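Undergrad: Sequence first, then the predicted structure:
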Amino acid sequence: MNILILNGPNLNLLGVREPEVYGYDSLDDIESWLNKQPEVEGSEIAWFQTNHEGELIDKIHSAMGNVDGIIINPGAFTHYSYALRDAIASVNIPTVEVHLSDIYAREEFRKVSVIKDVCIGHFTGLGKEGYAEAFKTLERESGK
């Protein structure tokens, strides 16, 4: 499988930013960990992180015809980015939403995901395991 993993704003600060909420692993640590999991063996995984909404949208658009699935941790864009939602809906690529923390156990504004309904799966509060669960969901969806 060819998977694109997108990470949104402030995820470049994982391990430093509020580790009691998001964990002590950096994004590089999570990438390294996922690449060692047996379910991803033989897959091509491209990672991308940005703090800019338009760059995420451009990556989603450029993935059309080039990837089997997308895993996205949209960070704060989860709660209000209809542009990101529309990009996911537009490309017809199976997409799974991931959040390290449990967005439903946090502040009221974090309990809303405007992209959830255009994704085939949604994992929240599992830490880095959410990325592995998202990968398994894409694998089941593709039949590979």
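TA: Ah, there it is. Numbering: from 1, shown residues only.
Undergrad: got the contact list for the residue nearest the centre of the chain?
TA: Geometric centre of the chain, nearest residue: I72, 2.0 Å, by Cα atoms, centre = their mean. For I72, the contacting residues are I5, L6, N7, G8, L56, I88, T95, V96, E97, V98, I115, C119, by Cβ atoms under 8 Å, 6 or more residues apart in numbering. Just so you know, the C-beta spots here come from the backbone N, C-alpha and C atoms, and that holds for glycine as well.
Undergrad: neighbours around L56, how many?
TA: By other Cβ atoms under 10 Å, 26 other residues sit near L56.
Undergrad: buried sites along the helix or strand harbouring it?
TA: L56 is part of helix 53-62 when elements are defined by DSSP states H and E. With burial defined by 16 or more other Cβ atoms under 10 Å, the residues of helix 53-62 counted as buried are E53, L56, I57, K59, I60.
Undergrad: Tell me the secondary structure at the residue nearest to the centre of the chain.
TA: Of the three states, I72 takes strand under DSSP: H, G, I helix; E, B strand; the rest coil.
Undergrad: hey, what's it bridged with?
TA: When assigned by DSSP bridges, I72 has beta-bridge partners L6, E97.
Undergrad: Just the helices from this structure, written as ranges.
TA: Secondary structure of the chain (DSSP state H): helices at 19-22, 27-35, 53-62, 82-91, 129-142.
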